[in-house]
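> Make a model of this:
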Amino acid sequence: MRNPTSDTPPPEKETAAATPPPKEAFPLSFWSANVTELFERGAYYAMASFVVLYLGQLGLGDYWPSTLNGILWTLVYFLPILSGTIADQVGFRRSLLAAFVMLSIGYFLMGYPVWFGGETLYDMVGSEVTAGAGVIVPVVIGILIIGMGGSVIKPCISGTVQKTAGARATLAFAIFYMVVNIGSLVGRGISYIVRTSYDLSFIFAVAVGCSIVAFLVVLFMYRDTEEDVAARRERKKHQRSVGQILLDMIFVLKNGRFALFLVVSSGFFFIYSQVYNVIPLYLKKVVETDPAVDIYTMANPFTIVFFQLLITKLFGKMKPISSIIVGIIIIGASMLINIIPIYAGGVRMEVWDLLPLGALFATLTVAMIAFGELFTSARTYEYIGALAPKGKEGLFLGYANLPMAIGSLIGGPAGAAIFNEIMCTNAVKLDNGLLELDPTWNALGWIVLMSIGFVSALSMWLYNRWLRKQVQ
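From the prediction side, this is the model:
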């Protein structure tokens, strides 16, 4: 075989090789979109770790906090199917401005009962529903508005990154995902400072502030690209109605192989949702009276930031289905490790006078879930792309977030049931308000969560075997 380096290239080729064309810088829209995402994620994660506890301390009882939290996540991940199409038609900039107005109002309504409604937060999360209309109405409206506003952000920001990336899509999305996790860390950090200085309701003040800053960034910095404006003019001639969008949804979900994949893969996100349902409840009602859930859940973005490149390098060539199954097994095992503190000194035993043993293992759980996410999330898109009918890959990938929506919708009330009906069986209330759990029932609750993860992994393996037989 001829060695291409052995021949002397013509002079003009030498010149071209010696002076490569300078790389074109990312446009302003790319950077403004990332700054916008930074503050949007800061707003969301300033309050995400405490939603269930805040609603419980407002008097919404054992089940409504997790159920409402599940609805919030479901809206954020399901509605982009509709909101993304609307954003394409009216323009990303207008859509983002409207979204941040909605988010500011929604977060404000969440804090309204305490700030202006005269409500007081209970020290502990109560079991009975004691909240009246003055709490329930603004909270429910707030959750619906946050869900609708949040669903607009995702397609607009990721769409802008994709359209402005040019030939450097890998670098562009690496920057984007780094910004997402930095925003998550910043939001949690600021939330911790503010809530410990004032009270828990002020996590929503942080969220409102971040949303207003994001609105100003879009207003003064963000501009739709010329290509978007031209494409939107063309699309106005062929606008898709809501009916057409719903017909597309029926077409996608009528595909039995894809619909079954959505159900099977939702098990991962069922477990993932417990980071914001079961774990906060467990920490607050069992481990310590004032848990730093925002600090503990920082383990998720920290793990992703520090290990994303390593995992990609070591396991990037693994088959998508194998990577997904490994991720689900990891997330299932992350639930099981919480049994260790139960039989190794107790969940409230102090570790180096810093935090209780139960809190340490809850933090390790969050970190392990992040590892599972590194194996699963990106490869799911790859798997769906291969699963979709030829020429319909883009349409089917638009539904890639449905497993998160399904897992969140079921995971909210089911997580509350696992905690209250299994873990808390035979529990005894202590003088400080914490629950002393029966070790057997406590461990059983974590085993149930682990089993759901392992069953999901097994189901994914069986599904892939069935799929391979179908295409042979």
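> okay, now the domains of the chain?
The record, using automatic domain parsing to delimit domains, assigns the chain the ranges 26-224, 239-472.
> what stretches of the stretch 351-472 of the chain score poorly on pLDDT?
Within the stretch 351-472 of the chain, the segments meeting pLDDT under 70 span 391, 393-394, 471-472.
> Could I get the full set of strands for it?
With strands called from DSSP state E, counting those that start in this stretch, the stretch 351-472 of the chain shows them at 355-356, 428-429, 435-436.
> would a markdown table of the ones you listed with mean neighbour count and distance to residue 90 be doable?
Heads up, the C-betas are built off the backbone N, CA and C, glycines and all. Below are the strands of the stretch 351-472 of the chain laid out as a markdown table (neighbours: other Cβ atoms under 10 Å; distance: least, Cβ to Cβ, whole Å):
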| stretch | mean neighbour count | distance to residue 90 |
| --- | --- | --- |
| strand 355-356 | 20 | 48 |
| strand 428-429 | 10 | 53 |
| strand 435-436 | 16 | 50 |
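> Generate CSV for those, with distance to residue 374 as supplementary columns.
What follows is the strands of the stretch 351-472 of the chain, written out as CSV (distance: least, Cβ to Cβ, whole Å):
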stretch, distance to residue 374
strand 355-356, 25
strand 428-429, 39
strand 435-436, 34
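> hang on, the earlier thing: ok, and which of the domains of the chain has the densest surroundings?
Highest mean neighbour count among the domains of the chain (mean count of other Cβ atoms under 10 Å): domain 26-224, with a mean of 20.
> average pLDDT across it?
Per-region confidence: domain 26-224 scores 93 on mean pLDDT.
> for that domain, how far is the first residue from the last?
14 Å (Cα to Cα, to the nearest Å).
> Repeat that for stretch 387-407.
Per Cα to Cα, stretch 387-407 runs 21 Å from first to last residue.
> does residue 170 sit in a helix or strand, and which one?
helix 169-197 (DSSP states H and E).
> which residues touch the following helix or strand past that helix?
Beyond helix 169-197 in the direction of the C-terminus, DSSP H and E gives the next helix or strand as helix 203-220. Helix 203-220 has contacts (Cβ atoms under 8 Å, 6 or more residues apart in numbering) with 32, 35-36, 39-40, 42-44, 46-47, 50, 54, 93, 96-97, 100-101, 103-104, 107-108, 110-111, 187, 190-191, 194-195, 198, 294.
> and the helix holding residue 170 with helix 203-220, angle?
Relative orientation of helix 169-197 versus helix 203-220 (axes from the mean of the first three to the mean of the last three Cα atoms, to 10 degrees): 140 degrees.
> gap between helix 169-197 and the chain center?
How far helix 169-197 lies from its chain's middle: 12 Å, per Cα atoms, centre = their mean, to the nearest Å.
> Identify the residues contacting the spatially closest residue to residue 273 that is not a sequence neighbour.
Take residue 273 and drop its neighbours on the chain: the residue closest to it by Cβ to Cβ, 6 or more residues apart in numbering is residue 411, 3.5 Å away. Applying Cβ under 8 Å, 6+ apart to residue 411 gives the contacts 70, 269, 270, 271, 272, 273, 274, 277.
> pLDDT score for the third one?
Which is residue 270. As predicted, residue 270 sits at a pLDDT of 96.
> element containing it, please.
helix 256-272.
> next helix or strand past that helix?
helix 278-282.
> Can you spell out which helices and strands pack onto whatever helix or strand comes next after that following helix?
On the C-terminal side of helix 278-282, the nearest following helix or strand under DSSP H and E is helix 293-296. When contacts are defined as 3 or more Cβ pairs under 8 Å, 6 or more residues apart in numbering; DSSP states H and E, helix 293-296 packs onto helix 169-197, helix 278-282, helix 357-387.
> Quick one: closest of the strands of the stretch 351-472 of the chain to residue 447.
strand 435-436 (18.7 Å; Cβ to Cβ).
> Report all helices and strands that that closest one contacts.
strand 428-429.
> if we go to 7 Å?
Using 3 or more Cβ pairs under 7 Å, 6 or more residues apart in numbering; DSSP states H and E as the contact test, no helix or strand touches strand 435-436.
> Please narrow the contacts of helix 203-220 to those residing in helices.
In this view, the contacts of helix 203-220 that belong to helices under DSSP state H are 32, 35-36, 39-40, 42-44, 46-47, 54, 93, 96-97, 100-101, 103-104, 107-108, 110-111, 187, 190-191, 194-195, 294.
> I'd like the distance between residue 359 and residue 288.
For residue 359, the distance to residue 288 equals 6 Å [Cβ to Cβ, to the nearest Å].
> what does residue 142 give?
28 Å.
> try residue 139
25 Å.
> next one: residue 209
From residue 209 to residue 288 the distance is 28 Å (Cβ to Cβ).
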